[in-house]
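> sharing a model that was predicted from the sequence below.
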Amino acid sequence: MRLLVITPDYLSHALPMLTIADAWLRRGNRVVVATGPAMAPLVRAAGMEYTELIMSRGSNAGVLSTVAARDEEARSLEAFFEATRQGMVPTLRYQAEQRATDLLWRPEQVARRVSNIVADSNPSAVIIDHLAFSASIGLRALGLPYGDVVLGHPTALPVGNEVYGVPSAWPPAIGPCSTEMASLRATADGVTVAFTEAYNGVLRRLDPTVAPVDDAFAAHGELVLYDYPAELHGPIRSARLPRHAFLGSAVRNEVADPDTMAWLSRADRRPLVVVSLGTFLSARTDVLARITAALQRVDVRVAMAIGSSDRAELGEIPSDWLVRPSLPQVTLLEQAAVLVTHGGNNSVTEALTFGVPMLVLPFSTDQFDGAAAVERSLAGIALDPNRSSRALIAGGVRGLLRNPPPQVHQLGEHLRANPGPEVAFNAMSTLPDLRNLAPDPRIGALVSA
């Protein structure tokens, strides 16, 4: 058996995709991973086969820096960070306007490359990151059934009258006014129409006989794998989902460095607070500085990932804190009492797996829906990253330390007992083995075109 994995060239996407694929590898199957060159060392270190598939103008192998990015990408990142400083609706509007560039990059070239990869690897099954839209065009043109992996909050795949890029729920501390929401919805509607037209245009050029999609953001494979706990997803929306499986989480196996292990083994009984705003949003030095000052008001030990932020700009930092550009988050969460996070889905599901309550400071995309779900399930609290004071952040952490929600501990036990990769493997076994299907002449036609 051979599994083909298609993932963007971003660490936050590749890590959970490789973790899911490990369920195949451990059973003695071959795994071929199609992604960009920045992820090649990670793929090979995992014991999987790498094949090149570039799907975006940039990549992110860990700590993101606008200094290291190319001029065009750096300008885009700086504009994004500036939008986050202005607030949630400007951020979401900026992201909506960038989608054609970010998510549909050289689509015909990517789709044809996917057809070559399928022909060369002859897989039994395919799983693809849902956000790899250019690649999904290729699979759709080939008529191949595949597993569609939603690595973000489940709203990253819209259902019903939802529009991609417009949160369906907001934490009480953050919700925008109705005028702002109407403006955002109008922008997102227009982007959806244009994006879908572009998507269908490529599909027509590849194979005019394939039916167009109504909404490219909502199009999906035969099986959707949500990297998210079903317990945090409302039953009304769950009833509207396509054929699916909730994986719970896809927590990677992690080998921590000796320095981190030595720091954790110190004789310090204070509760551990982990701070991580992700590979992108750690560039918001002003927010990290406020968190730094806030946590000095609480009797805790702190491990903080600062990404590309300049440590000197964070203010005075206690000498016994663990502060680095990046940290072994999974290892730290195993011992943590609270996670301060931007609400990225990897961080949320990893914290839930280890029963760690969260203080969520959401900035963009599906982080607002994720933060609302965390609050709704009593797994933590959410605050506005731009407007929350040091006192408010410190008070939030103190509250979670004094009254840790028992629901989080119980959910963690359930997630650890039911690993997401195993759920994914069993769910994918319900799809037909691609090698048993009749040969599709479209594969040869697309490869030779």
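Looks like it arrived, so ask away.

> all contacts plus neighbour counts: C-alpha atoms, from now on.
Fine.

> how about the helices of the stretch 101-250 of the chain, start to end?
Here the stretch 101-250 of the chain has its helices, by DSSP state H, counting those that start in this stretch, at 107-121, 133-142, 178-206, 235-238.

> out of those helices, nearest to Ala305?
Minimum separation from Ala305 across the helices of the stretch 101-250 of the chain (Cα to Cα) falls at helix 133-142, 30.6 Å.

> who are the packing partners of the closest one?
Judged by 3 or more Cα pairs under 8 Å, 6 or more residues apart in numbering; DSSP states H and E, helix 133-142 is in contact with helix 107-121, helix 178-206, helix 441-448.

> so what's the residue nearest to Asp268 when sequence neighbours are not counted up against?
Spatial nearest neighbour of Asp268, chain neighbours left out: Arg301 (7.9 Å); criterion: Cα to Cα, 6 or more residues apart in numbering. Going by Cα atoms under 8 Å, 6 or more residues apart in numbering, Arg301 touches 268, 270-273, 320-321.

> out of those residues, which are inside helices?
Taking DSSP state H, every one of these sits outside helices.

> neighbour-wise, which one of the residues you listed leads?
Among the contacts of Arg301, Val273 has the most neighbours (other Cα atoms under 10 Å), with 25 neighbours.

> could you check the pLDDT of that residue?
Here the pLDDT value assigned to Val273 is 98.

> now do the helix or strand hosting Leu339, average pLDDT.
Taking DSSP states H and E as the criterion, Leu339 maps to strand 338-341. For strand 338-341, mean pLDDT rounds to 98.

> make 5 the starting number, not 1.
Renumbered: residue one is now 5, and that last one reads strand 342-345.

> can you list contacts of it?
If you take Cα under 8 Å, 6+ apart as the criterion, strand 342-345 is touched by 276-282, 337, 351-352, 355, 360-366, 401, 404-405.

> and the helix or strand just after that strand, how far out from the chain middle?
Downstream of strand 342-345, the next assigned helix or strand under DSSP H and E is helix 349-357. Centroid separation between helix 349-357 and its chain, computed with Cα atoms, centre = their mean, to the nearest Å, is 10 Å.

> give me the residues contacting helix 349-357.
Contacts to helix 349-357, defined as Cα under 8 Å, 6+ apart, come from residues 16, 20, 155-157, 232-233, 252-255, 334, 337, 343, 345, 361-362, 371, 374, 383, 412-413, 415-417, 419-420.

> after that helix comes which helix or strand?
Where DSSP H and E defines the elements, the next helix or strand beyond helix 349-357 is strand 362-364.

> I'd like the helices and strands packed on helix 137-146 as JSON lines, with mean neighbour count appended.
Listed next are the helices and strands packed on helix 137-146 as JSON lines, based on neighbours: other Cα atoms under 10 Å:
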{"stretch": "helix 111-125", "mean neighbour count": "20"}
{"stretch": "helix 182-210", "mean neighbour count": "17"}
{"stretch": "helix 445-452", "mean neighbour count": "15"}
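
> lowest-confidence stretch among those?
Mean pLDDT is lowest for helix 445-452 among the helices and strands packed on helix 137-146, at a mean of 56.

> helix, strand or coil for Thr55?
The local conformation at Thr55, judged by DSSP: H, G, I helix; E, B strand; the rest coil, is strand.

> alright, calling it a day.
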